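Q: Need the 3D shape of this:
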Amino acid sequence: MALTLPPNTLALDIRALDALKQGAGSSAQAAQTTREAARQFESLFMHELVKSMRAATLKSGLMDSGQADLGQDLLDQQLALSLSGMPGGLSEAIRRQLARQMAGAAGDARGDVNGNANGGAKGHADGAPASSTLGLQPPAAASASAGAPSQERARFVQRLGHSAERVARDSGIPAGFMLGQAGHETGWGQSEIKHADGSNTFNLFGLKAGQGWAGKVAEVRTTEYVDGRPRKVLAKFRAYDSYEESLRDYARLINGSPRYAKARAQTGSVVAYATALQKAGYATDPGYARKLSGAIHSALRAQRTQT
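A: Numbering: from 1, shown residues only. Coordinates of the predicted model:
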């Protein structure tokens, strides 16, 4: 369905604003909505510019009145709208900036895992998380993991709860911690890594297949960040036969790697555990500990409601 915002309507009109919000929530309309939002930003800027120029102009005083000022302001809004959206104008620069920000948000929302900024060579060796933004999921799945609907999180926790409990008994890592992290990394199950044929890899934590990995592999085109710059590469990710196998592999990584010794000692505190993982290099996102803490708390709340 096409964006229904008329071409000369300012989004300060509540109906036009609603249409713009609806377009922003639809992946199929993402490009058109971004373009329209950029045009609206430019028109607001142009309106302020025209208003400032008019305020600097001397008035005769003969026709001054509140009604005249209101009418002039409405005309200025329409003038600003007609001047916005021109090829090569300010809206083009705004559109590009919005597109970059939306792409970044989408990456966070998919629960993408970022490892070492140098390309994650160390991560390949010991099974550390991928130093990449996966970019594999449909845009419709790109909602922030912390902002996912509570029903969606509850379904995810219920689906994996028994497996996580079994792994928790064997590993000592609380089931809620694993469920929260898996939920964060996969967008609560909406953005999982797939094989080329579309089948599931059951990789809940974005772990790459390094040289020491002897299991199944999924080759996936990802966006690697090297020195802060993105580049497309074909990366190998671990593939499993079940979610429980993925949970057990994660538990082996946390319990068996010296890098995560401090995290293992902090399983009594959600924040301390998440912070220790970030400091150990599990992710380069400076806000990872905060986001992971929120996801774990969400999983724990979902667990409590299901018991």
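Q: what's the burial count for Arg35?
A: Using other Cβ atoms under 10 Å, Arg35 is surrounded by 18 other residues. To be clear about C-beta, it is placed using only N, CA and C from the backbone, and glycine gets the same treatment.
Q: what about it, which SS state?
A: helix (DSSP: H, G, I helix; E, B strand; the rest coil).
Q: So it versus Glu92, what's the distance?
A: Arg35 sits 9 Å away from Glu92, going by Cβ to Cβ, to the nearest Å.
Q: Output the below-cut-off pLDDT ranges for the stretch 151-300 of the chain.
A: Counting by pLDDT under 70, the stretch 151-300 of the chain contains low-confidence ranges at 223-226, 228.
Q: And the helices in it?
A: 175-186, 243-256, 261-264, 270-279, 288-306 (DSSP state H, counting those that start in this stretch).
Q: what's the first one packed up against?
A: Using 3 or more Cβ pairs under 8 Å, 6 or more residues apart in numbering; DSSP states H and E, the elements in contact with helix 175-186 are helix 150-171, helix 243-256, helix 270-279, helix 288-306.
Q: could you dump the ones you listed to JSON lines with mean neighbour count?
A: Output for the helices and strands packed on helix 175-186, formatted as JSON lines (neighbours: other Cβ atoms under 10 Å):
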{"stretch": "helix 150-171", "mean neighbour count": "17"}
{"stretch": "helix 243-256", "mean neighbour count": "19"}
{"stretch": "helix 270-279", "mean neighbour count": "20"}
{"stretch": "helix 288-306", "mean neighbour count": "19"}
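Q: what residues are up against Ala154?
A: 302, 305-306 (Cβ atoms under 8 Å, 6 or more residues apart in numbering).
Q: again with Gln181
A: Applying Cβ under 8 Å, 6+ apart, the residues near Gln181 are 205, 250, 292, 295-296.
Q: I'd like those residues as JSON lines, with distance to Gln211 appended.
A: Formatted as JSON lines, these follow (distance: Cβ to Cβ, whole Å):
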{"residue": "Phe205", "distance to Gln211": "19"}
{"residue": "Tyr250", "distance to Gln211": "19"}
{"residue": "Leu292", "distance to Gln211": "27"}
{"residue": "Ala295", "distance to Gln211": "30"}
{"residue": "Ile296", "distance to Gln211": "31"}
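Q: of the residues you listed, closest to Met178?
A: Set against Met178, the nearest of those by Cβ to Cβ is Tyr250 (6.5 Å).
Q: Without its sequence neighbours, what residue ends up closest to the closest one?
A: Take Tyr250 and drop its neighbours on the chain: the residue closest to it by Cβ to Cβ, 6 or more residues apart in numbering is Phe205, 4.9 Å away.
Q: wait, isn't that neighbour in contact with Arg248?
A: No - Phe205 is beyond contact range of Arg248, at 11.3 Å (criterion: Cβ atoms under 8 Å).
Q: what's the closest of the helices of the stretch 151-300 of the chain to Leu44?
A: helix 288-306 (31.5 Å).
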